[in-house]
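Engineer: A structural model of the following input is requested.
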Amino acid sequence: MFDKQTVSLEWAGRTLTIETGRVARQADGAVLVTYGDTTVLATATFAKEAKPGQDFFPLTVNYMEKYYASGRIPGGFFKREGRPTEKETLTSRLIDRPIRPLFVDGFKNEVQVVLTAVSYDMENDPDIVGMIGASAALVLSGAPFMGPIGAARVGYKDGEYLINPTVDDLAESDLDLVVAGTNDAVMMVESEAKELSEDVMLGAVMAGHDAMQPVIEAIIKLAEKAAKDPFEFEGEDLSGELKSIQDLVGADLSKAYQITEKLERQAAVGAAREKAAEALVATEEKPDGMSAQVFKSAFKKAEASVVRGDIIKTGKRIDGRSLDQVRPIVAEAGFLPRTHGSSLFTRGETQAICVATLGTSDDEQFIDGLGGTHKEKFMLHYNFPPYSVGETGRMGGAGRREIGHGKLAWRALKAVLPKAEEFPYTIRLVSEITESNGSSSMATVCGCALAMMDAGVPIARPVSGIAMGLIKEDDGVAVLSDILGDEDHLGDMDFKVAGTEVGVTSLQMDIKIAGITKDIMQTALDQAKGGRAHILGEMNKALAESRGELSQNAPQMEIVNIPVDKIRDVIGSGGKTIRDIVDTTGAKLNVEDDGTIQISALDRASIDAAKKRIRELTAEPEAGEIYEGKVVSIKDFGAFVNFFGPKDGLVHVSQMADERIGHPKDLVKEGDTVWVKLMGFDDRGKVRLSMKAVDQETGKDKEAAEGGDAE
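Structural biologist: Below you'll find the predicted structure:
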């Protein structure tokens, strides 16, 4: 019944198996990929013709995690998987990025790649397994895909690269890098690092590229046995149309792309487009002209030809800059008056308002996934409204772009955060992009670093980021620092590097051509290092290090630790004690199972009052110490005094006064405040207190006072 085909290999200490022919047989391509005990079902389906008027490539990648994969039932009322989580969205983007450039130019048929994590062993992340599955499914489908690609994860510890480290290994690694590529070039890099050098980062990329080669070979072997016949498709030859546009408005475009200001430049390009369209696009009067769709594609090629050709020939950019020159930067800290920390970061025509807000453990984010639920103390949210590029558009929740850019900045800043035990606050950063013309994600990194320092967060060092571009032609290669939006759209690479003066904290690379070489990456990294240093210098003019104290608008917070067996004393029966502390001091308390208590309040006095109450409840009284207490009950044989938090002790009638008294009521009554000295404990652990050992007016130890007089 099944025409099952399988390839297997030992890869980084575990078995990787790619199987086809048994599951999802009606998809154009389908594979089950298993690594360890993690399994992803990958399918690829494509339309056999493009929709009329389709002027873009409609590729959709959907990665989904099923909770049954790790033996869990989803939370919530409906008990089923809901909208994509952040992890699913980021993984979908991660897989989309290396496969998109490898479809034949001009292919505009709809393609859908669906990846479903159906088994998870808690050790091997399904993202790499899914990327391999997407590559194999596309190769088997017969779609005009110039793959296959491979992928690998790379860690770094004790000077050694780790290939496909497990989840536990990653927790101790200085690097989490994912690389994808073909057999001869790198297509995509995504990483998070702990201030590593450029050489280490480049070495990790190449180590991952080398490690993925057996996977590429395995996919080719499977395709030789099970691939469908190639789909017949030939891209449009637009050379004639391109020449017509260049002859007519080539000079106009060249002039337009020398205009520095973005909106003015767009207007000039628009005028050239209208001029060419009027002359070349088919109408009823000119039925032999170009179709609107062909014209649009050809005009974009004409723009690219002008921009790329001028840069290669002159070494000058659209706005007149040299290849390694960064646009003017203005950095301002303390931009908003009532926030905990804020900044305004402007680089050329890219601008971000960044805000830091500090909260307590109540503000931590709960994140649910295949590995279980965990809490996150550091959040970064990136917003990209349409007005930032001078357009109208839909306003709603965060899309894939916002989530991806925010996560990139999050990775870049995570390495410099203080340890939770040293700075117990929950940190939320928000980046509002108010202008955009090139790398708003890197502006977010710079602005958010300033906002945290403005809030008083003791980060290790400031972080800056820069976006690099690439123009690669037969007659030359140019690496561009701090790329504009047009240079991104019309170029071959988007290469983002963030880091401190010590090293790189994040590296992300996307390629629009069939990969780049090690030499080009080395040039980009070296050039980016100089750019990052320049940007850090401009940031330091606003704020060079974290302010010495927290913003007056931020909540005060302190951590105290108590023995685990004292937690019940602080909480009390039914929470009565902790509610009383909160009500009387105005502080908020969060008690952890390990005895850690987080105290937060708007003022220092409330925290000190709460700490005093906690000490009273949890500390142990010491023999020889004097305490002020209250008489809580009177018996014939003495008085019970509450002297230390909830602790009561007996003052025997013989210890109440120097002279003999008939009955304790002759000396004290319930509610009286008295001074007592803890004399010790009896054989049963009962407290022995004395009033007569203490001067009841001064609270001084009589014996110590007498000894002092004798001296």
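Engineer: Do I have it right that Phe231 meets Pro144?
Structural biologist: Yes: between Phe231 and Pro144 a contact is recorded at 5.9 Å, counting by Cβ atoms under 8 Å. (C-beta placed from N, C-alpha, C; glycine too.)
Engineer: And the two? Which one has more around it.
Structural biologist: Legend: neighbour count by other Cβ atoms under 10 Å for Phe231 and Pro144, higher for Pro144 (21 against 16).
Engineer: and the gap between the nearest residue to the more buried one once chain neighbours are set aside and Leu490?
Structural biologist: Nearest non-adjacent residue to Pro144, counting by Cβ to Cβ, 6 or more residues apart in numbering: Val104, 4.0 Å away. In this structure, Val104 lies at 20 Å from Leu490, with Cβ to Cβ, to the nearest Å as the measure.
Engineer: More neighbours: the two, which one.
Structural biologist: Taking other Cβ under 10 Å, Val104 and Leu490 do not tie; Leu490 has more neighbours (23 against 14).
Engineer: does the closest residue in space to that one that isn't next to it in sequence count as helix, strand or coil?
Structural biologist: Nearest in space to Leu490, with sequence neighbours left out and distances taken as Cβ to Cβ, 6+ apart, is Ala304 at 4.4 Å. Under DSSP: H, G, I helix; E, B strand; the rest coil, the three-state class of Ala304 is helix.
Engineer: now the strands for the stretch 601-711 of the chain?
Structural biologist: 626-635, 638-644, 647-652, 673-681, 687-690 (DSSP state E, counting those that start in this stretch).
Engineer: any chance of the ones you listed in CSV, plus mean pLDDT, distance to Phe56 and mean neighbour count?
Structural biologist: As requested, those are exported to CSV (pLDDT from 0 to 100; distance: least, Cβ to Cβ, whole Å; neighbours: other Cβ atoms under 10 Å):
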stretch, mean pLDDT, distance to Phe56, mean neighbour count
strand 626-635, 89, 79, 17
strand 638-644, 87, 75, 22
strand 647-652, 86, 75, 20
strand 673-681, 87, 81, 19
strand 687-690, 88, 81, 21
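Engineer: would a markdown table of the ones you listed with distance to Ile329 be doable?
Structural biologist: Formatted as a markdown table, those follow (distance: least, Cβ to Cβ, whole Å):
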| stretch | distance to Ile329 |
| --- | --- |
| strand 626-635 | 61 |
| strand 638-644 | 60 |
| strand 647-652 | 62 |
| strand 673-681 | 65 |
| strand 687-690 | 68 |
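Engineer: Out of the ones you listed, flag the one nearest Pro462.
Structural biologist: Across the strands of the stretch 601-711 of the chain, Pro462 has its closest neighbour in strand 638-644 (48.6 Å, Cβ to Cβ).
Engineer: and the closest one, what other elements does it pack with?
Structural biologist: Judged by 3 or more Cβ pairs under 8 Å, 6 or more residues apart in numbering; DSSP states H and E, strand 638-644 is in contact with strand 626-635, strand 647-652, strand 673-681.
Engineer: Let's have those strands in JSON lines, adding distance to Ser551.
Structural biologist: Formatted as JSON lines, the helices and strands packed on strand 638-644 follow (distance: least, Cβ to Cβ, whole Å):
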{"stretch": "strand 626-635", "distance to Ser551": "38"}
{"stretch": "strand 647-652", "distance to Ser551": "40"}
{"stretch": "strand 673-681", "distance to Ser551": "41"}
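Engineer: Of those, which is nearest Ala47?
Structural biologist: Using Cβ to Cβ, the nearest of the helices and strands packed on strand 638-644 to Ala47 is strand 647-652, at 78.1 Å.
Engineer: Centre of the chain to that closest one, how far?
Structural biologist: With Cα atoms, centre = their mean, to the nearest Å as the basis, strand 647-652 stands 57 Å off its chain's centre.
Engineer: Next, count neighbours for Ile18.
Structural biologist: Neighbours of Ile18 (other Cβ under 10 Å): 28.
Engineer: That one against Val7, yeah?
Structural biologist: Yes: using Cβ under 8 Å, Ile18 makes contact with Val7 at a distance of 5.2 Å.
Engineer: Between those two, which contacts overlap?
Structural biologist: Counting by Cβ atoms under 8 Å, 6 or more residues apart in numbering, the shared contacts of Ile18 and Val7 are 218-219, 222.
Engineer: got those residues as JSON lines, with secondary structure columns?
Structural biologist: Below are the shared contacts of Ile18 and Val7 laid out as JSON lines (three-state DSSP):
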{"residue": "Ala218", "secondary structure": "helix"}
{"residue": "Ile219", "secondary structure": "helix"}
{"residue": "Leu222", "secondary structure": "helix"}
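Engineer: From those residues, pick the one nearest Pro385.
Structural biologist: The shortest approach to Pro385 among the shared contacts of Ile18 and Val7 belongs to Ile219, at 41.8 Å (Cβ to Cβ).
Engineer: which residues sit against stretch 609-620?
Structural biologist: Under Cβ under 8 Å, 6+ apart, the answer for stretch 609-620 is 558, 560, 562-563, 566, 569-570, 577, 581, 584-587, 589, 597, 599, 601, 644-646.
Engineer: Pull out the buried residues from it.
Structural biologist: Using 16 or more other Cβ atoms under 10 Å as the test for burial, stretch 609-620 gives 609-611, 613-614, 617-618.
Engineer: Out of the residues you listed, which sit inside helices?
Structural biologist: 609-611, 613-614, 617-618 (DSSP state H).
Engineer: mind exporting stretch 341-357 as PDB, just the C-alpha atoms?
Structural biologist: Output of stretch 341-357 as PDB, limited to C-alpha atoms (Å, rounded to 0.1, in the frame of the first residue of the first chain):
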ATOM      1  CA  GLY A 341      13.400  55.200  31.400                       C
ATOM      2  CA  SER A 342      13.300  56.400  27.900                       C
ATOM      3  CA  SER A 343      15.300  57.600  24.800                       C
ATOM      4  CA  LEU A 344      14.900  59.000  21.400                       C
ATOM      5  CA  PHE A 345      17.300  57.500  18.900                       C
ATOM      6  CA  THR A 346      17.600  59.000  15.400                       C
ATOM      7  CA  ARG A 347      19.900  57.700  12.700                       C
ATOM      8  CA  GLY A 348      19.300  59.500   9.400                       C
ATOM      9  CA  GLU A 349      15.700  58.900   8.600                       C
ATOM     10  CA  THR A 350      15.200  56.100  11.000                       C
ATOM     11  CA  GLN A 351      13.900  57.000  14.500                       C
ATOM     12  CA  ALA A 352      12.700  55.100  17.500                       C
ATOM     13  CA  ILE A 353      11.200  56.100  20.800                       C
ATOM     14  CA  CYS A 354      12.200  53.500  23.300                       C
ATOM     15  CA  VAL A 355      10.800  53.100  26.800                       C
ATOM     16  CA  ALA A 356      11.800  50.900  29.700                       C
ATOM     17  CA  THR A 357       9.300  49.900  32.400                       C
END
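Engineer: residues of it that come out buried?
Structural biologist: Neighbour counts using 16+ other Cβ under 10 Å place 341-357 of stretch 341-357 among the buried residues.
Engineer: Tell me the gap between it and the middle of its chain.
Structural biologist: 18 Å.
Engineer: what does stretch 381-398 give?
Structural biologist: Mean-position distance between stretch 381-398 and its chain equals 20 Å (Cα atoms, centre = their mean).
Engineer: List of residues touching it?
Structural biologist: 263, 401-403, 405-406, 409, 428-437, 440-441, 444, 485.
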